[in-house]
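Enquirer: sequence first, then the predicted structure:
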Amino acid sequence: MRSDSFPVRIIFQLVDEDAYPVYMAVMVPKRLIRKATDRNLLKRRIREIYRIHKPRIRIKGHSLQMLIQYRSDETTDHQSIERAYLKAVVKMTGKIENQVNG
């Protein structure tokens, strides 16, 4: 399933209980951000935002696999990425609750 909020897309999947509650990966495409230093900066920002807001993502009885994908062709500031990430997480948790409960 997907949860979008430009410039962040979260692709996620629920799996049965595993050793870790959340598996997370970050992807910044080379075709959008050409310079490796810019890609690494964006990945560091996204990982830090994930670390700060990690307690918001808890699903009892399941593990979550998620890929956070950056989709803009420009580097954006930390606050813009954080706002987009939080919107995407709210959408994702809503979809997960519907899937688990319904």
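Expert: Now that the structure is in, tell me what you want to look at.
Enquirer: how much space separates E48 from I11?
Expert: 20 Å (C-beta to C-beta, to the nearest Å). Backbone N, C-alpha and C define where each C-beta goes, glycine included.
Enquirer: the more surrounded of the two?
Expert: I11 (16 against 13; other C-beta atoms under 10 Å).
Enquirer: doesn't that one fall inside a helix?
Expert: No - assigned with DSSP: H, G, I helix; E, B strand; the rest coil, I11 falls outside any helix and is strand.
Enquirer: need the residue closest to the centroid of the protein.
Expert: Taking C-alpha atoms, centre = their mean, the centroid of the chain lies closest to I68, which sits 3.4 Å from it.
Enquirer: and the host helix or strand of that one, how far from the chain's centre?
Expert: Per DSSP states H and E, I68 falls inside strand 62-70. Here strand 62-70 is found 6 Å from its chain centre; the criterion is C-alpha atoms, centre = their mean, to the nearest Å.
Enquirer: packing partners of that strand?
Expert: For strand 62-70, the elements it packs on are strand 8-16, strand 22-27, helix 36-52, helix 78-101, judged by 3 or more C-beta pairs under 8 Å, 6 or more residues apart in numbering; DSSP states H and E.
Enquirer: make a markdown table out of those and add mean pLDDT and distance to M1.
Expert: Output for the helices and strands packed on strand 62-70, formatted as a markdown table (pLDDT from 0 to 100; distance: least, C-beta to C-beta, whole Å):
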| stretch | mean pLDDT | distance to M1 |
| --- | --- | --- |
| strand 8-16 | 92 | 6 |
| strand 22-27 | 94 | 15 |
| helix 36-52 | 97 | 18 |
| helix 78-101 | 91 | 6 |
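Enquirer: ok, which of those comes nearest R2?
Expert: When the helices and strands packed on strand 62-70 are compared by C-beta to C-beta, strand 8-16 sits nearest R2, at 5.4 Å.
Enquirer: excluding chain neighbours, what is closest to L41?
Expert: T75 (6.7 Å; C-beta to C-beta, 6 or more residues apart in numbering).
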